[in-house]
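> take a look and give me a structure for this.
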Amino acid sequence: MQIGNIDVFLEAITIASACNKVLRKRFLKPDTIGLIPTGGYSDNVNYSRKSRILRKKMGERYCTVVTDANIGY
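Numbering: from 1, shown residues only. Predicted coordinates for the structure are as follows:
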C-alpha cells in the first residue's frame, strides 16, 4: 500500500512511524528537524482578555490576590 510515496508495509511498522516518514519526506527540508512552535500550532487559550480583567477587578474589590498562569497581564 502506497501512502505519500511510502510503502507502509516495508518502511513503517506503526501508523505513527508511517505518519512521521510522510512528514519527513514531504514537508520538512533536508537536514532539518521539526520543532513545535513556542505557542503551539495555534493560539488555543482557554480564557479571554475580558475574563482576565474581570478576575483582576474582583481581586481588587475583595482585597485578595487572584493568580493565574499569566501574571502581570
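> use CA for all of it now, contacts and neighbours both
Noted.
> so where's the protein shaky on pLDDT?
Within the chain, the stretches with pLDDT under 70 are 1-5, 39-45, 68-73.
> tell me where the chain has helices.
8-11, 15-26, 49-61 (DSSP state H).
> what comes up buried for the last one?
By neighbour count on 16 or more other C-alpha atoms under 10 Å, the buried set for helix 49-61 is 52, 56.
> and what of the shortest one?
Buried residues in helix 8-11, defined by neighbour count with 16+ other C-alpha under 10 Å: residue 8.
> alpha carbons only: can I get that helix in PDB?
The C-alpha trace of helix 8-11 is given here as PDB (Å, rounded to 0.1, in the frame of the first residue of the first chain):
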ATOM      1  CA  VAL A   8       3.800   1.500   4.500                       C
ATOM      2  CA  PHE A   9       4.300  -2.300   5.000                       C
ATOM      3  CA  LEU A  10       8.100  -2.100   4.100                       C
ATOM      4  CA  GLU A  11       9.100   1.200   5.700                       C
END
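> returning to what we had before: a markdown table for the helices of the chain, including distance to residue 37?
Converted to a markdown table, the helices of the chain look like this (distance: least, C-alpha to C-alpha, whole Å):
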| stretch | distance to residue 37 |
| --- | --- |
| helix 8-11 | 28 |
| helix 15-26 | 16 |
| helix 49-61 | 22 |
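> which among those helices is found nearest to residue 36?
helix 15-26 (13.4 Å; C-alpha to C-alpha).
> can you tell me the closest non-neighbouring residue to residue 18?
Excluding the flanking residues, the one nearest residue 18 by C-alpha to C-alpha, 6 or more residues apart in numbering is residue 12, at 5.1 Å.
> with residue 65 instead?
residue 59 is the one closest to residue 65 (C-alpha to C-alpha, 6+ apart), at 5.4 Å.
> repeat that for residue 11.
Nearest one to residue 11, counting by C-alpha to C-alpha, 6+ apart, is residue 18 at 7.5 Å.
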